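1. 3D, please:
(chains A and B)
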Amino acid sequence: GQQLNQSPQSMFIQEGEDVSMNCTSSSIFNTWLWYKQDPGEGPVLLIALYKAGELTSNGRLTAQFGITRKDSFLNISASIPSDVGIYFCAGPIQGAQKLVFGQGTRLTINP
Amino acid sequence: SAVISQKPSRDICQRGTSLTIQCQVDSQVTMMFWYRQQPGQSLTLIATANQGSEATYESGFVIDKFPISRPNLTFSTLTVSNMSPEDSSIYLCSVVGGQGANEQFFGPGTRLTVL
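-> Numbers count the residues shown, from 1 in each chain, chains lettered A, B, ... in the order given. Next up is the predicted model:
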């Protein structure tokens, strides 16, 4: 089935640094979604991407839909303590609205 | 986006018992889903909750273990039956909404611990 490979699995950075994480698949996706999950909470949708090559920003977050439609990346600029959490990429399983999720990237920030 | 609530937020249960989790949405939605998130893991889809008909289960999940109800367009329940410690997970409901056809919004989750 369709799978998403997300990397890195974890990141330990200093406050103020930029962050980059990516998601790849052997299958084509028509939509890429990026979520953040805080401890004890459900995932919150950060950015949705619908077109190959699309670059979308949400505040300090920027995400891109890869040209091949098999990858996407998420960048966070000038990280702050509240960016701590787990970031997931997700995409719809072909022909359905069901989502498959990447393994997640756990972000830890040292103040 | 829709506001989604889940009850209970957490529970500790004994092996062999069952727990029913409720998911309430503040607006009518067509598509509702139930996910499981095992400790330290990503989200895995359990089933699609269909209004007025039986849920559609993903590979590895069966109705006898995870019966689902969807009596209307704002409410669904997931029961975790005959629980074992391996069922200890966060259970999340989600709905489709937003601008795109594939954007899903999640409830806060139910954290289940089975002893």
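2. contacts and neighbour counts: CA atoms only from here.
-> OK.
3. just how off-centre is stretch A:25-37 within its chain?
-> In terms of C-alpha atoms, centre = their mean, to the nearest Å, the centre of stretch A:25-37 is set 8 Å apart from its chain centre.
4. and chain A, which residues reach chain B?
-> A:31, A:33, A:40-45, A:48, A:88, A:92, A:97-104 (C-alpha under 8 Å from any C-alpha of the partner chain).
5. host element of the residue in chain B that chain A sits nearest to?
-> At 4.3 Å from chain A, residue B:108 is the closest residue in chain B, using C-alpha to the nearest C-alpha. Per DSSP states H and E: residue B:108 is located in neither a helix nor a strand.
6. residues near it, how many?
-> 23 (other C-alpha atoms under 10 Å in any protein chain shown).
7. Which single residue in chain A comes nearest to chain B?
-> residue A:42 (4.3 Å).
8. what secondary structure does that residue sit in?
-> Taking DSSP: H, G, I helix; E, B strand; the rest coil as the rule, one finds residue A:42 in the coil state.
9. Show me which residues of chain B are close to chain A?
-> So chain B meets chain A at B:33, B:41-45, B:48, B:92, B:101-109 (C-alpha under 8 Å from any C-alpha).
10. Now do the same contact list for residue A:54.
-> Residue A:54 is in contact with A:64-66, counting by C-alpha atoms under 8 Å, 6 or more residues apart in numbering or on different chains.
11. Residue A:36 now?
-> Contact partners of residue A:36, counting by C-alpha under 8 Å, 6+ apart, are A:43-46, A:85-88.
12. Cross these against strands and list the overlap.
-> Those of the contacts of residue A:36 mapping onto strands are A:44-46, A:85-88, per DSSP state E.
13. would you turn those residues into CSV with neighbour count and pLDDT?
-> Output for these, formatted as CSV (neighbours: other C-alpha atoms under 10 Å in any protein chain shown; pLDDT from 0 to 100):
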residue, neighbour count, pLDDT
A:44, 18, 97
A:45, 19, 96
A:46, 19, 97
A:85, 18, 97
A:86, 20, 98
A:87, 26, 98
A:88, 29, 98
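14. Of the residues you listed, just say which sits nearest to residue A:4.
-> residue A:88 (9.9 Å; C-alpha to C-alpha).
15. Could you pull out the strands in chain A for me?
-> Under DSSP E, chain A gives strands at A:5-7, A:10-14, A:19-24, A:32-37, A:44-49, A:55-58, A:61-65, A:71-76, A:85-92, A:99-101, A:105-110.
16. This completes my enquiry, with thanks.
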